[in-house]
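**Q** Could you work out the structure for the sequence below:
(one chain, ligands or ions: 2)
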Amino acid sequence: MQLPKPGTIEVVPSILSADFARLADEIAQIESAGVSMVHLDVMDGHFVPNITIGPPVIAKLRRYSNLAFDSHLMISEPARYAERFVEAGVNHITFHIEVADDPAELIDRLHELGVTAGICLNPDTPVEAIEAVAPLCDMVLVMTVHPGFGAQEFMPKAAKKISQVRKIVGPETRIEVDGGIDPQTTPIVVSYGADTLVAGHAIFSKSDRIAAINAIRDAAK
Ligand code: DX5
Ligand code: ZN
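**A** Ligands and ions are numbered 1, 2, ... in the order given. Take a look at the predicted model:
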């Protein structure tokens, strides 16, 4: 259960818009669509104005899924909680540059703990903020909405940063994009160099999740 090697387009369903009372079933449905990862949005009510799930829920879900767990930590103290998420069974940890005291040190520690590492930047954070550490990451996450809620409107200006990130990291690092991704916005972010497409509302608001995932895959071609 690792990040797939760069060079493929991956649609990564975000369970933020799933039915939280039936998470294991919801994940099983997207697993049957042949995705390789599921995106777990962790919010602390401090870094972002919303609260979701943490290690206890993730540890229970781990028993029900073979997908790579792509955890997106929207929390104020990622270094403090990293081990807890690894113990719960995540395979990848993305943390936000805005709250990282020593991002390079945390990336090293995540690698020592046996997970891949990602850095994320908010729509208002310039790419320069991650220039030094992005090449140390396995995946860089570019937010195309302000983090905290699903089903928000895609921000075209934020998406433009993907091209800048691609220049910095080259072809061997995944670039994930998160926020307002659907069949309409997918061609835009793929043309900028994104290869890992997080989608919540566009998948879980539909009754046929497999068709919704395939619609994004088709739009990426
Ligand atoms: C927002 C989260 C996203 C969210 C995206 O803070 O990080 O992962 O689920 O949701 P959609 O795809 O609905 O914009
Ligand atoms: Zn996310």
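
**Q** ok now stretch 69-87, how far from the chain's centre?
**A** Centroid separation between stretch 69-87 and its chain, computed with C-alpha atoms, centre = their mean, to the nearest Å, is 13 Å.

**Q** That one and ligand 1 in contact?
**A** Yes: for stretch 69-87, a contact with ligand 1 is found by C-beta under 6 Å from any ligand atom, at His72. (C-beta placed from N, C-alpha, C; glycine too.)

**Q** do that stretch and ligand 2 meet at all?
**A** Yes: contact of stretch 69-87 with ligand 2 (C-beta under 5 Å from the ion) involves His72.

**Q** end-to-end on that stretch?
**A** 12 Å (C-alpha to C-alpha, to the nearest Å).

**Q** Same question for stretch 121-138.
**A** By C-alpha to C-alpha, one end of stretch 121-138 lies 15 Å from the other end.

**Q** Which residues does it contact?
**A** The contact list for stretch 121-138 (C-beta atoms under 8 Å, 6 or more residues apart in numbering) reads 3, 92, 96-98, 103-104, 107-108, 116-119, 140-147, 155, 157-158, 161, 164-165, 168-169, 173-174.

**Q** Ligand 2 next: which of the residues you listed are close?
**A** Checking the contacts of stretch 121-138 against ligand 2 by C-beta under 5 Å from the ion, not one of them is in range.

**Q** Where helices are concerned, which of those residues count?
**A** 103-104, 107-108, 157-158, 161, 164-165, 168-169 (DSSP state H).

**Q** Nothing else from me, thank you.
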